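# my questions concern the predicted model and sequence given below.
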Amino acid sequence: MKEFENIKKDFPIFTREVNSKKLTYLDSGATAQKPQSVIDAMNDVYTNKNANVHRGTYVLSAETTNLYEDVRIKCKNFLNAYHSDEIIFTKGATEGFNFLANSIAKKYLKPGDEILLTEIEHHANIIPWQMVAKQYQLEIKYIAIDEDFSIDMEDLKRKISNKTKIVSITGESNLSGLLPNIKLIRELVKETCDAIFILDGAQLVPHRKVDVQDLGIDFIVFSGHKLLGPTGIGVVWGKLDLLNELEPVSGGGDMIEEVYFDRATWAPVPHKFEAGTPPYVEAIGLGAAIDYLENITMEKVSNHSDQLRKYGQEIFSDIDKVNVIHTNEEFAGCTFSMHVDNIHATDVSLMLDTYGVAVRAGHHCVQPFHRKLGIDATFRATAYIYNDKNDLDVFKDALVSSIEMLG
């Protein structure tokens, strides 16, 4: 992990202290910190180039438009997409799922059709489907998660049928770090039906090299702020033939070709899905974040995550009273959700903060699975490229001390 030893210097936030302690940030599952290069890229737009994109006939608008559209190419290369026009900018992963659920349901689904999710999905990949299921009389089925916090493949096989029209699953769990075998699941689905396959990449894309062509999926959704980029920007990638068939769910400026008093025609993909002024500064920040990660290489990013995960498994396994929700799969994300016997997760996280350790407490938008486990809440530590073994040691020591004080 030598190349990561001095990486904190690229992130201004790590110069500050919290409660007179050096900041130990372990909440990247909720949002990642931003390198100076991302901050500088956005500041440069606001300071030197700011102008609304598209159709501007002056220098500032042309410069900003070029920077904005160039991010589509960066995303296309980052995902190994077929074409940059397949990159749709949203304000985040949640908006991406709402767009897909509404647009796909309107175009393709009919009463009685089935949507297949897993029990460990984020609410952003549950609620939009629940809403369209109610509207279009669809049925949602959930693939079970087994006692090792992995997907029950036999249950998957039982629940796939010719009624299955949508399969939408996490690429990396924000609760357990589960990394499903997407290619295997995709093949199992294809043996039975021709469902549209959607991947929640919110946790996966920041930590692993994603090749959408190799995975054989139809759509992937992710957000910029977990990828070292700013808030307010996300991406939906989809196959161009599917995007061409879908109708927009938001209307307004910039997504039109022609407008009359009684009708309108839509702009080509991708712009027909991007109504109004886009988050162009945020998109440019996302582009800078992709540049930063590409400079490291995603192979090194994932290797770093794997090494930290193994170290975390070693040092967290013997803490008295601590129960870790973590998959036993060989490869998983560096995410550790925990609960302590007879102590509420929020109390633990508040105590950890007194040591300068930032973790998140709650159900992490995976409330149904918490209910299945009979747990009200967990506290979660998620490591990223700017974390090291020392951060996990600090967290462990603070956790042991917190339990002693609270217990």
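Structure's in. What do you need?

# can you tell me the closest non-neighbouring residue to the residue minimising distance to the centre of the chain?
Nearest to the mean C-alpha position of the chain, counting by CA atoms, centre = their mean, stands Ala202 at 0.8 Å. Closest residue to Ala202 apart from its sequence neighbours, by CB to CB, 6 or more residues apart in numbering: Ala93 at 4.6 Å. Quick note: C-beta positions are derived from backbone N, CA and C, even for glycine.

# tell me the spacing between the one you found and Ile166.
17 Å (CB to CB, to the nearest Å).

# now Asp262: phi and psi?
phi -120, psi 0 (degrees, to the nearest 10).

# gap between it and Met255?
Shown here: Asp262 relative to Met255, a distance of 18 Å by CB to CB.

# Glu154 too?
Distance from Glu154 to Met255, by CB to CB: 44 Å.

# before we move on, what about Lys110?
27 Å.

# so for these two, which sits in the more crowded spot?
In this view Lys110 and Met255 are compared by other CB atoms under 10 Å, and Met255 has more residues nearby, 19 against 10.

# burial of the residue nearest to that one when sequence neighbours are not counted, as a residue count?
Among residues not flanking Met255 along the chain, Ala275 sits closest, at 4.4 Å (CB to CB, 6+ apart). By the criterion of other CB under 10 Å, Ala275 has 17 neighbours.

# what of Ala264?
By the criterion of other CB under 10 Å, Ala264 has 12 neighbours.

# Tyr260 now?
7.

# next one: Gly407
Neighbours of Gly407 under the rule other CB under 10 Å: 11.

# who touches it in this structure?
Contact partners of Gly407, counting by CB atoms under 8 Å, 6 or more residues apart in numbering, are Lys321, Val340, Asn342, Ile343.

# out of those, which are inside helices?
For those, not one is inside helices, with DSSP state H as the criterion.

# which one of those sits closest to Asp291?
Of all those, Asp291 sits closest to Val340, with 40.6 Å by CB to CB.

# what's around the closest one, how many residues?
Residues near Val340, counting by other CB under 10 Å: 21.

# who's in contact with it?
Contacts of Val340 were listed using CB under 8 Å, 6+ apart, and they are Lys321, Val322, Asn323, Val348, Ile403, Leu406, Gly407.

# show me what it is bridged to.
For Val340, the beta-bridge partners under DSSP bridges are Val322, Ile343.

# gap between it and Val221?
From Val340 across to Val221, the span is 33 Å (CB to CB).

# ok so, going back, out of the contacts of Val340, which end up buried?
Neighbour-count burial within the contacts of Val340 applies to Val322, Val348, Ile403; the criterion is 16 or more other CB atoms under 10 Å.
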